[in-house]
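Visitor: I'd like to go over a predicted model; first the sequence, then the structure.
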Amino acid sequence: MSGFDAFCQQAAVFPITDAVLDRCADLGVTARQGGFSGADADLLIAATAVTPSRTLVTGSTAHFAWIANLRLENWRFANRIP
């Protein structure tokens, strides 16, 4: 079994629905109008998280901070003691 296969067995895979694609398109427009990063992969990841109100866990919260109603958690700081 490859490392990727092992990862996929333990990871949740979320479908790309019409609602996710619609939200992704909306985010693309907002990104362009606001001068934010509009990388297709980032927009699709964010739309997949925000559409059903999931938390997006990332080490690059700055890439997503401009997106309204998107809950973010920075995995780089998750294990730090306050």
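Guide: The structure has been received and is ready for your questions.
Visitor: how about the helices of this structure, start to end?
Guide: Along the chain, counting by DSSP state H, helices occupy 3-10, 18-34, 40-50, 61-64.
Visitor: residue ranges with poor pLDDT in the protein?
Guide: 78-82 (pLDDT under 70).
Visitor: what residues are up against L44?
Guide: I16, V20, C24 (Cβ atoms under 8 Å, 6 or more residues apart in numbering). The C-beta positions use only the backbone N, C-alpha and C, and glycine is treated the same way.
Visitor: burial count for the second one?
Guide: Read it as V20. 19 (other Cβ atoms under 10 Å).
Visitor: Correct me if wrong: it contacts A46.
Guide: No: the criterion here is Cβ atoms under 8 Å, and V20 misses it with A46 at 9.8 Å.
Visitor: Now stretch 27-34: buried residues?
Guide: Using 16 or more other Cβ atoms under 10 Å as the test for burial, stretch 27-34 gives L27, G28, A31.
Visitor: Among these, which one lies nearest to V57?
Guide: Among the buried residues of stretch 27-34, L27 lies closest to V57 (Cβ to Cβ), at 18.2 Å.
Visitor: Roughly how far does that closest one sit from C8?
Guide: Relative to C8, L27 is positioned 26 Å away (Cβ to Cβ, to the nearest Å).
Visitor: pretty sure R76 contacts V57?
Guide: No: between R76 and V57 there is no contact under Cβ under 8 Å: 10.0 Å.
Visitor: Mutual contacts of these two, please.
Guide: By Cβ under 8 Å, 6+ apart, no residue touches both R76 and V57.
Visitor: burial of I67, as a residue count?
Guide: Residues near I67, counting by other Cβ under 10 Å: 21.
Visitor: To what extent is the residue nearest to it when sequence neighbours are not counted buried, counted in neighbours?
Guide: The shortest distance from I67 to any non-neighbouring residue, by Cβ to Cβ, 6 or more residues apart in numbering, is to A46 (5.3 Å). Residues lying near A46 (other Cβ under 10 Å) number 23.
Visitor: In contact with A46, which residues?
Guide: C24, L27, L56, F64, I67, L70.
Visitor: If we use 10 Å, what do you get?
Guide: A46 makes contact with 20, 23-24, 27, 31, 56, 58, 63-64, 66-67, 70, 72, according to Cβ atoms under 10 Å, 6 or more residues apart in numbering.
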